[in-house]
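*Asks:* Here you go, sequence then predicted model.
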Amino acid sequence: MRYSTTIAVCCALALVCAAAPAVAGAGKAYTNSIGMQFRLIPAGSFTMGDDEGEGDEKPAHKVTITKPFYMGTCEVTQAQHEKVMGKNPSRFKGASKPVENVSWNDAKAFCKKLTALAKGGSYRLPTEAEWEYACRAGTVTDLYWGPASASSKYAWISKRPNGPTNDVGKLRPNAWGLHDMSGNVWEWCEDAYAAPYPPGPRTDPKGPSEGTSRVLRGGSWYEFADVCRAACRVRRVRRVRG
């Protein structure tokens, strides 16, 4: 298989928490009751996909996100996962490293239990459209930081052959304050995988709710920059751990 099997949970906070007002500006910070940090992602529009990319990234199309939402500033760490789930399944151990070796089903179970444990708020995986919108943070380049020559300042990529993963939040964030949106570990999205995209503009799109394969975004430490582009998408069976 062409892609790394190192996968992480990427959590989005649905806007049901009074302590995290949706009227705040882009990048407004919120910390939940167990210490996880989030940034407010504003409503807006962007071009999703890439007409010059892989076949499943086509066609590029306008997407409008009508409601702001909170996105985790970093990938979920092993310490956070263990605090919520009582275990750490990761291969590359380290409290501040991203949790990996989790399936989509595991990610959903984490969100459900976090919702029950944390005071206020409801937690879920981002839709694929929310993920790409948050990753791009207003940019239109393949990589949200611009030229591939600057990748080492923003993303843990091209660390072949042995890795390992790296502590979250150590490199520069994107314009909306999110770290490691590209590289380090692949991140699960809510959507079932479907390709190509439907043609024409879309509003708050969600992929199919049913399907054995789910979408992964962001690339990993193992990949080169072209696989860590904002538009790049891969799929994996929802029950498989990587």
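*Replies:* All right, it came through fine.

*Asks:* Just the endpoints, please. Distance across stretch 165-182?
*Replies:* Criterion C-alpha to C-alpha, to the nearest Å; first-to-last residue distance in stretch 165-182 is 13 Å.

*Asks:* Next: stretch 193-206.
*Replies:* End-to-end distance (C-alpha to C-alpha), stretch 193-206: 10 Å.

*Asks:* Report the buried residues of that stretch.
*Replies:* 193, 197, 205 (16 or more other C-beta atoms under 10 Å). Quick note: C-beta positions are derived from backbone N, CA and C, even for glycine.

*Asks:* In contact with the second one, which residues?
*Replies:* Counting by C-beta atoms under 8 Å, 6 or more residues apart in numbering, residue 197 touches 48, 49, 57, 58, 59, 61.

*Asks:* Apply the buried test to those and list what passes.
*Replies:* 48, 49, 57, 58, 61.

*Asks:* With pLDDT, distance to residue 128 and secondary structure as extra columns, can I get these in CSV?
*Replies:* Shown next, in CSV, are those (pLDDT from 0 to 100; distance: C-beta to C-beta, whole Å; DSSP: H, G, I helix; E, B strand; the rest coil):
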residue, pLDDT, distance to residue 128, secondary structure
48, 98, 8, strand
49, 98, 10, coil
57, 97, 11, helix
58, 97, 14, coil
61, 98, 13, strand
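
*Asks:* so which of these comes closest to residue 212?
*Replies:* residue 57 (21.1 Å; C-beta to C-beta).

*Asks:* distance of the closest one from residue 104?
*Replies:* To residue 104, residue 57 is 21 Å away according to C-beta to C-beta, to the nearest Å.

*Asks:* repeat for residue 134
*Replies:* 19 Å.

*Asks:* Repeat that for residue 121.
*Replies:* 21 Å.

*Asks:* More neighbours: which of the two?
*Replies:* Shown here are residue 121 and residue 104; by other C-beta atoms under 10 Å, residue 104 has more neighbours (25 against 21).

*Asks:* pLDDT at that one, what is it?
*Replies:* At residue 104, the pLDDT value in this model is 91.

*Asks:* which residues does it contact?
*Replies:* Residue 104 makes contacts with 188, 214, 236, 238, 239, as judged by C-beta under 8 Å, 6+ apart.

*Asks:* Return the subset of the residues you listed lying in strands.
*Replies:* 188, 214, 236 (DSSP state E).

*Asks:* Wasn't residue 152 part of a strand?
*Replies:* No - the assignment for residue 152, made by DSSP: H, G, I helix; E, B strand; the rest coil, is helix rather than a strand.

*Asks:* And the pLDDT for it?
*Replies:* 93.

*Asks:* Can you list the buried residues in the longest helix seen in the chain?
*Replies:* Using DSSP state H, we find that the single longest helix of the chain is helix 104-117. Across helix 104-117, burial judged by 16+ other C-beta under 10 Å covers 104, 106, 107, 108, 110, 111, 114, 115.
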